[in-house]
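Q: based on what follows, work out the 3D shape:
(chains A and B)
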2 protein chains.
Amino acid sequence: AIVDATADLLASGPLRGRHVIVTSGPTHEPIDPVRYIANRSSGAQGTALAGALAALGARVSFVTGPASVPPPPGVDVIAVETACEMLAAVQGALPADAAVFAAAVADWRMAEARAQKLKKAGNGALPVLQFAENPDILATVAQMDHGRPPLVIGFAAETENVIAHATAKRARKGCDWIVANDVSPATGIMGGSDNTVTLISDTGPEPWPSLSKTEVARRLAARIAEALA
Amino acid sequence: AIVDATADLLASGPLRGRHVIVTSGPTHEPIDPVRYIANRSSGAQGTALAGALAALGARVSFVTGPASVPPPPGVDVIAVETACEMLAAVQGALPADAAVFAAAVADWRMAEARAQKLKKAGNGALPVLQFAENPDILATVAQMDHGRPPLVIGFAAETENVIAHATAKRARKGCDWIVANDVSPATGIMGGSDNTVTLISDTGPEPWPSLSKTEVARRLAARIAEALA
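A: Reported below is the predicted structural model:
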């Protein structure tokens, strides 16, 4: 009976019948069978957001890299490792009413990951790693000619000139909103429980107070529900 | 009373009064404030070994990188991130009766980690990462002129020609034993619960059967106790 009541409650939320894609966590880009390039994203903010959207009744496709927090209950989890896998998973989850790209996607991958473990040359020579640019998942979806989700939201984790970088990013990617934050090590945001974000839309930057990641997620989910109403 | 009895039991183990340094886990080498190079070591084998040595009465200095398993009870935990920090922690923990280097230390770090987040150039140009060779912790300790631990043990995680590579590694590093294993993705050893190792000493390679990492740890701890007896 409790399950039924919960289902009724969810079914009556403002996002009932809506499908939202949320990406979250870091990506890992293999260098060789044992090494990879990673980033310090814990997945906490994306996870909280996916949970908050589900709590408002949305069907959530949660595309997650190897995060350090578990996925929230009540979402469809699609686990990936690399940026290329993440793009494919997002494209496979379309169409959607909104897509929120909270993952910290690696900008680059190895041009060719080695099949065998990279070894020291013994003569002190250093390896040369050839990079290739990863697909830009946010821009790819934001600039779709057909079937673009009506609301496309990116995140911008910056360490300097946060608002300027994030405003430029919004224009360059063609997305509707950017959630910007300062992830300098001194802020403690990467891996921490609080977040201080600025929501950038076509009306300009809207600074939010310092909030728990859960509360940032609740407010953002409510704004998404408003926008889709 | 149980605590006292346990303390008595430990105090009477074959490694009572001995100090063993164990390194474990991966190292993370920063690229910039948000990115780093990592490796797939979970720290499971090093953690199991540290626990097994403590269970035989040893005082264990457990120098661990950012592992995905928690450290065992009853050891002195020294948490580090990079190879340089790990070497400093090991040197700070000396002298020791034995040192076991089970960590998967990055061979290379960035020549200079960037203070700000590395950004796409916008013209498709790819970043050039300048590498520097990390200190060789195993060789540094194995080749100490003064105060070398009487028993120095390395690990060799290989993906091909395991015995040949590991035998050459033992000679090159100047350590007493090498614990060699095949970490090819197909083996499932990285992140898995079992391990198939070959112990290489001055009497040559001694293949062990496939065992749980806990059992590999128990056997290795017992051999260390024998060697120090």
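Q: tell me which parts of chain A are close to chain B?
A: Residues of chain A lying close to chain B (CB under 8 Å from any CB of the partner chain) are A:28, A:31, A:33-41, A:104, A:106-108, A:116-118, A:120, A:124, A:126-127, A:129-133, A:157-160, A:183-185, A:190. Just so you know, the C-beta spots here come from the backbone N, C-alpha and C atoms, and that holds for glycine as well.
Q: filter those to the buried ones?
A: Listed as buried from these are A:28, A:31, A:33-41, A:104, A:106-108, A:117-118, A:127, A:129, A:131, A:133, A:157-159, A:183-184, A:190; burial here means 16 or more other CB atoms under 10 Å in any protein chain shown.
Q: in strands, which of those fall?
A: Judged by DSSP state E, these include A:35, A:36, A:37, A:38, A:39, A:108, A:131, A:133, A:157, A:158 as members of strands.
Q: what is the lowest-pLDDT residue among those residues?
A: On pLDDT alone, residue A:131 ranks lowest of these, at 83.
Q: one step back: including distance to residue B:224, could the ones in strands among the buried ones among the residues of chain A next to chain B go into CSV?
A: Below are these laid out as CSV (distance: CB to CB, whole Å):
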residue, distance to residue B:224
A:35, 29
A:36, 32
A:37, 36
A:38, 33
A:39, 38
A:108, 43
A:131, 43
A:133, 49
A:157, 45
A:158, 49
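Q: residue B:66: which of these is nearest?
A: Nearest to residue B:66, judged by CB to CB, of these is residue A:38 at 10.2 Å.
Q: how close does that closest one get to residue A:31?
A: Here the criterion is CB to CB, to the nearest Å. By it, residue A:38 lies 11 Å from residue A:31.
Q: what's the answer for residue A:20, then?
A: 34 Å.
Q: same question for residue A:163.
A: 34 Å.
Q: buried residues, stretch A:150-164. List them.
A: In stretch A:150-164, counting by 16+ other CB under 10 Å, buried: A:151, A:152, A:153, A:154, A:155, A:156, A:157, A:158, A:159, A:162, A:163.
Q: what residues does that stretch touch?
A: Applying CB atoms under 8 Å, 6 or more residues apart in numbering or on different chains, the external contacts of stretch A:150-164 come out as A:41, A:45, A:97-102, A:104, A:138, A:141-142, A:165-166, A:169-170, A:173-184, A:190, A:198, A:200, A:205, A:224, A:227-228, B:33-34, B:116-117.
Q: just the buried ones out of those, please.
A: Here, 16+ other CB under 10 Å leaves A:41, A:45, A:97-102, A:104, A:138, A:141-142, A:165-166, A:169-170, A:173-184, A:190, A:198, A:200, A:205, A:224, A:228, B:33-34, B:117 buried among the contacts of stretch A:150-164.
Q: which residues does residue A:194 form beta bridges with?
A: In this entry, residue A:194 is beta-bridged to residue A:212, by DSSP bridges.
Q: measure it to residue A:206 for me?
A: For residue A:194 relative to residue A:206 (CB to CB), the value is 18 Å.
Q: show me where chain A has helices.
A: A:2-11, A:44-55, A:83-93, A:137-142, A:162-173, A:213-228 (DSSP state H).
Q: how about the most centrally placed residue in chain A: what's its closest non-neighbour residue?
A: The centroid of chain A falls nearest to residue A:102 when counting by CA atoms, centre = their mean (1.9 Å). Leaving aside its sequence neighbours, residue A:102 sits nearest to residue A:46 (CB to CB, 6 or more residues apart in numbering or on different chains; 3.5 Å).
Q: residue contacts, residue A:200?
A: A:163, A:166, A:167, A:170, A:177, A:178, A:179, A:180, A:206.
Q: now, the most widely separated pair of the residues you listed?
A: Maximum pairwise distance among the contacts of residue A:200 (CB to CB): 13.8 Å, between A:163 and A:177.
Q: report the beta-bridge partners for the closest residue to residue A:126 other than its chain neighbours.
A: Counting by CB to CB, 6+ apart, residue A:126 lies nearest to residue B:131, which is 4.4 Å off, once chain neighbours are set aside. Beta bridges link residue B:131 to residue B:110, judged by DSSP bridges.
Q: name the nearest residue to residue A:223, ignoring sequence neighbours.
A: residue A:199 (7.4 Å).
Q: do you know how far that neighbour is from residue A:114?
A: From residue A:199 over to residue A:114 (counting by CB to CB), the distance is 42 Å.
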